[in-house]
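Visitor: Model the structure of this input:
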Amino acid sequence: MDATADELAGVVDLFGGLSRDELERALSEAAFRADGRSIDEGALEEAIDDGLESFTLLECTVAEMTTDPRTLDAEDQFYVSGPAAFPEVPEYAEDVPHILDIDRRRFDREALGETARDRFSDAIDEALNGARSDERLEYLLEVSYDIEAWAPVELADERGRLEEGLD
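Guide: Purely as a prediction, here's the structure:
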């Protein structure tokens, strides 16, 4: 099973958020239910990287949870459906929450907004200081509006940096 970034967002959205290992288990279960096959590790890593790069996924920590995190390691990293996601639950994945027996997790939207802002600022720095392309800068400009609609953050300064880079 090869999942797209939006399908990863759909799976993590079923739970509110998943660790990397939990995401792999959920996708493995869906793949097995679909056709008895397993997931392709390389394709999964690529889809996660694509999801993070495109803001379809956002990586966060236990500290950003509003549900009781006592059963989780404080060092765990979680993926949540990000501001640019169009979550799509893959076929055969809708029952995975019952199979894995993971309670739904909730995250603080303000804390996630700050995480998204930090990640967004880093992405701008990478785009402006690295092998920058106008296409990437324009994409980030569009994502800035998605982030503001997704969480209570203001990104006018960041948009200004992007617009300067496009001039």
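Visitor: and the closest residue to residue 102 other than its chain neighbours, how many neighbours does it have?
Guide: Spatial nearest neighbour of residue 102, excluding adjacent residues (CB to CB, 6 or more residues apart in numbering): residue 15 at 5.5 Å. Any C-beta I mention is one placed from the backbone N, CA and C, and that applies to glycine too. Close neighbours of residue 15, defined as other CB atoms under 10 Å, add up to 21.
Visitor: Hmm, residue 15 is touching residue 105, no?
Guide: Yes. Judged on CB atoms under 8 Å, residue 15 makes contact with residue 105 at a distance of 6.1 Å.
Visitor: For the residue nearest the centre of the chain, give its distance to residue 96.
Guide: Nearest residue to the geometric centre of the chain (CA atoms, centre = their mean): residue 57, 1.1 Å. Plainly put, residue 57 is 17 Å away from residue 96 if you go by CB to CB, to the nearest Å.
Visitor: What is the subsequent helix or strand relative to the helix ranked longest in the chain?
Guide: Longest helix in the chain by number of residues (criterion: DSSP state H): helix 109-129. Moving toward the C-terminus from helix 109-129, the next helix or strand (DSSP states H and E) is helix 134-150.
Visitor: Mind giving me the packing neighbours of that next one?
Guide: When contacts are defined as 3 or more CB pairs under 8 Å, 6 or more residues apart in numbering; DSSP states H and E, helix 134-150 sits against helix 109-129, helix 156-166.
Visitor: burial measure for residue 156, as a count.
Guide: For residue 156, using other CB under 10 Å, the count is 8.
Visitor: Correction: the previous question concerned residue 49.
Guide: What residue 49 shows, counting by other CB under 10 Å, is a neighbour count of 12.
Visitor: Count the neighbours of residue 66 for me.
Guide: 12.
Visitor: Contact partners for the nearest residue to it once chain neighbours are set aside?
Guide: With CB to CB, 6+ apart as the criterion, residue 66 has its nearest non-adjacent residue at 4.6 Å, and that residue is residue 106. Contacts of residue 106 were listed using CB atoms under 8 Å, 6 or more residues apart in numbering, and they are 16, 65, 66, 67.
Visitor: quick one: the second one and residue 35, what's the gap?
Guide: This means residue 65. For residue 65, the distance to residue 35 - CB to CB - is 34 Å.
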